[in-house]
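Sequence first, predicted coordinates after that:
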Amino acid sequence: MITKTNILGTEFAVFSREGAAKAVYEGREALSGEYICFANVHVTVMAHDTTDYQRILNDSAYTFADGAPIARLQRKQGFAYAERVAGPDFITDLIGLCEPEVGGRNYSHFFYGSSEEVLSLLYSRLSERFPKLRIAGTYSPPYRELTAKEDQAVTDMIRKSGADFIWVGLGAPKQERWMAAHKGTFSGVMLGVGAGFDFHAGTVKRAPKSWQKLGLEWLYRLFSDPKRLFKRYLVTNTKFLWYTRGALGKQEKI
């Protein structure tokens, strides 16, 4: 039974950070062909304002609270153990469980998204940190919509790789739409982790742990890239505060 909370219409699975990784690792076989989302405030507001996008999030196997304000609302709803489950953290949490001496099942991984440079650095850094990491493949798609023929070729490549976990770094909402369109296509599990590739490749600096613990990672990112992110955070953060004023949402067990 998965405990979920409904926040602005999006159904979030309630987990601690450690519990989320264990649930996906231990449930790998049952999750075959499914996809997993990580929704922060920006994604949650976007889903609230876009019905078909929210449906995609709610059709996922899990949508985790990738935002301190989301996890805070879950705790206010009575789930004291609820924690932020950030995509970048989840990458290393799950890969760590896949180390043979830890879990005994050395699952393989495919990384889809970002640039060739980022994927090369990601491969190098993750392999150095996890020497027994099994990378089934990587692919950097063009920065445009794929043709039906191109999409089929990519789909065949990922399927033939036999990857157990397919990490998707296309950014929201593109990655969630891509995963939903390919649900049931692969034997592996798709996970949309946004900028997680860039953080682990070292091409984008992540906020210090102290900022993360205070729930201010978004502010650090804003300071780092104000031109691109100012409008996003100004609009979505304001909307989130307005939409959730005095409301805690409803909770349910599914």
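Structure's in. What do you need?

could you point out which element follows the host helix or strand of residue 135?
According to DSSP states H and E, residue 135 maps onto strand 134-139. Going down the chain from strand 134-139, the next helix or strand is helix 148-161, by DSSP H and E.

Give the buried residues for that following helix.
Within helix 148-161, the residues that count as buried by 16 or more other C-beta atoms under 10 Å are 154, 158-159, 161. The C-beta positions use only the backbone N, C-alpha and C, and glycine is treated the same way.

What segments of this protein are helices?
Counting by DSSP state H, one finds helices in the chain at the ranges 17-26, 41-49, 51-58, 68-76, 87-97, 116-129, 148-161, 174-181, 196-201, 209-213, 217-224, 226-243.

The third one packs against which elements?
In terms of contacts (3 or more C-beta pairs under 8 Å, 6 or more residues apart in numbering; DSSP states H and E), helix 51-58 is packed against strand 10-13, strand 35-39, helix 41-49, helix 174-181.

Just the buried positions in stretch 126-133, please.
Neighbour-count burial for stretch 126-133 [16+ other C-beta under 10 Å]: 126, 130, 133.

Nearest to residue 195 among those?
residue 126 (15.4 Å; C-beta to C-beta).

As CSV, the helices and strands packed on helix 51-58 with mean pLDDT, mean neighbour count and distance to residue 191 would be great.
Shown next, in CSV, are the helices and strands packed on helix 51-58 (pLDDT from 0 to 100; neighbours: other C-beta atoms under 10 Å; distance: least, C-beta to C-beta, whole Å):
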stretch, mean pLDDT, mean neighbour count, distance to residue 191
strand 10-13, 98, 24, 13
strand 35-39, 98, 28, 5
helix 41-49, 96, 22, 14
helix 174-181, 98, 20, 8
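
Just tell me which of these ends up closest to residue 234.
Of the helices and strands packed on helix 51-58, nearest to residue 234 by C-beta to C-beta is helix 41-49, at 11.1 Å.

name the helices or strands packed onto the closest one?
When contacts are defined as 3+ C-beta pairs under 8 Å, 6+ apart, helix 41-49 packs onto strand 10-13, helix 51-58, helix 68-76, helix 226-243.

Tell me which residues are up against it.
Applying C-beta atoms under 8 Å, 6 or more residues apart in numbering, the external contacts of helix 41-49 come out as 7-10, 37, 39, 53-54, 57, 66-67, 69-70, 172-173, 176, 218, 232-233, 236-237, 239-240, 243.

picking up where we left off before, in a markdown table, list the helices and strands packed on helix 51-58 along with distance to residue 95.
Output for these, formatted as a markdown table (distance: least, C-beta to C-beta, whole Å):
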| stretch | distance to residue 95 |
| --- | --- |
| strand 10-13 | 20 |
| strand 35-39 | 15 |
| helix 41-49 | 23 |
| helix 174-181 | 19 |
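
circling back: can the helices of the chain go into JSON lines with extra columns for distance to residue 106?
Below are those laid out as JSON lines (distance: least, C-beta to C-beta, whole Å):
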{"stretch": "helix 17-26", "distance to residue 106": "11"}
{"stretch": "helix 41-49", "distance to residue 106": "31"}
{"stretch": "helix 51-58", "distance to residue 106": "30"}
{"stretch": "helix 68-76", "distance to residue 106": "30"}
{"stretch": "helix 87-97", "distance to residue 106": "10"}
{"stretch": "helix 116-129", "distance to residue 106": "13"}
{"stretch": "helix 148-161", "distance to residue 106": "15"}
{"stretch": "helix 174-181", "distance to residue 106": "24"}
{"stretch": "helix 196-201", "distance to residue 106": "19"}
{"stretch": "helix 209-213", "distance to residue 106": "29"}
{"stretch": "helix 217-224", "distance to residue 106": "31"}
{"stretch": "helix 226-243", "distance to residue 106": "37"}
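
looking at those helices, which is closest to residue 139?
Closest among the helices of the chain, using C-beta to C-beta: helix 148-161, at 6.3 Å.

and the closest one, C-alpha only, in PDB?
Taking Å, rounded to 0.1, in the frame of the first residue of the first chain, the C-alpha atoms of helix 148-161 are listed here in PDB:
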ATOM      1  CA  ALA A 148       8.900   9.100 -35.500                       C
ATOM      2  CA  LYS A 149      11.800   7.200 -37.100                       C
ATOM      3  CA  GLU A 150      14.300   8.700 -34.800                       C
ATOM      4  CA  ASP A 151      12.200   8.000 -31.700                       C
ATOM      5  CA  GLN A 152      11.800   4.400 -32.800                       C
ATOM      6  CA  ALA A 153      15.600   4.000 -33.200                       C
ATOM      7  CA  VAL A 154      16.200   5.400 -29.700                       C
ATOM      8  CA  THR A 155      13.500   3.200 -28.300                       C
ATOM      9  CA  ASP A 156      15.000   0.100 -29.900                       C
ATOM     10  CA  MET A 157      18.500   1.100 -28.600                       C
ATOM     11  CA  ILE A 158      17.300   1.500 -25.000                       C
ATOM     12  CA  ARG A 159      15.300  -1.700 -25.100                       C
ATOM     13  CA  LYS A 160      18.200  -3.700 -26.600                       C
ATOM     14  CA  SER A 161      20.500  -2.400 -23.800                       C
END
